[in-house]
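>>> sequence plus the predicted model coming up.
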Amino acid sequence: MATFVLLILALLVLVLALWMRRRSGLPWAKIVADDVGERRDVQRALYARRYGLSGKPDYLIARGRALIPVELKPGRRAETPYESDLMQLAAYCVLVEETHDIAPPYGILRYAERSFRLSYTPELRDQVLDLVDEMREVLEAEDCARSHQQAQRCAGCGFVHVCDEALV
């Protein structure tokens, strides 16, 4: 009888684990690194010296020889992904390619209720590197114009107290 109860309990735990994994939006793959939960301090940032680019995706999962970056945005609910989130994920693809000498075929962006797959192409790589160059130019400029009309973003900015264009 005790064996039967343990078997049923094990089966329930397995079903719960399978349900949680499916709900997470992550594919069935080995998790190589993560930047979430208790292991946050274990993973070192990926760094591409020649581009001055660094970052840590929430997960790196293995698919064959390729590593796939996964970025989680659990508070977002949208039918289409935000451009800024896609560019962040694309930057992680560049970092994976630079640090592991093999380009990921895609990256995964997970919102609260859905996942998006971003194909990593040479054109996307060029777009990310152009964006990094543009950001560097803006950072080095003496004046930088506000790029939005959102008071809430201004309120959360570290430069709001010295910005001539602040909305708050």
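Happy to help now that I have it. Residues are numbered from 1 along each chain as shown.
>>> all contacts plus neighbour counts: C-alpha atoms, from now on.
Will do.
>>> ok, F116 to I61 distance?
Here F116 is placed at a distance of 15 Å from I61 (C-alpha to C-alpha, to the nearest Å).
>>> S147 now?
Distance from S147 to I61, by C-alpha to C-alpha: 34 Å.
>>> among those two, which residue is more densely surrounded?
I61 (22 against 7; other C-alpha atoms under 10 Å).
>>> so who does the residue most central in space within the chain touch?
When C-alpha atoms, centre = their mean is applied to the chain, the residue found nearest the centroid is E71 (2.4 Å). Contact criterion C-alpha atoms under 8 Å, 6 or more residues apart in numbering gives P57, D58, Y59, L89, I108, L109, R110 as the residues in contact with E71.
>>> Y47 too?
For Y47, the contacting residues are L53, S54, G55, L95, T99, by C-alpha under 8 Å, 6+ apart.
>>> identify the bridge partners of it.
Counting by DSSP bridges, Y47 is bridged to S54.
>>> so for it, what's the pLDDT?
Per-residue pLDDT puts Y47 at 91.
>>> I108 versus that one, what's the distance?
According to C-alpha to C-alpha, Y47 and I108 sit 20 Å apart.
>>> quick check, the residue nearest to the centre of the chain in a helix?
No. Under DSSP: H, G, I helix; E, B strand; the rest coil, E71 sits outside any helix and is assigned strand.
>>> thank you kindly, that will do.
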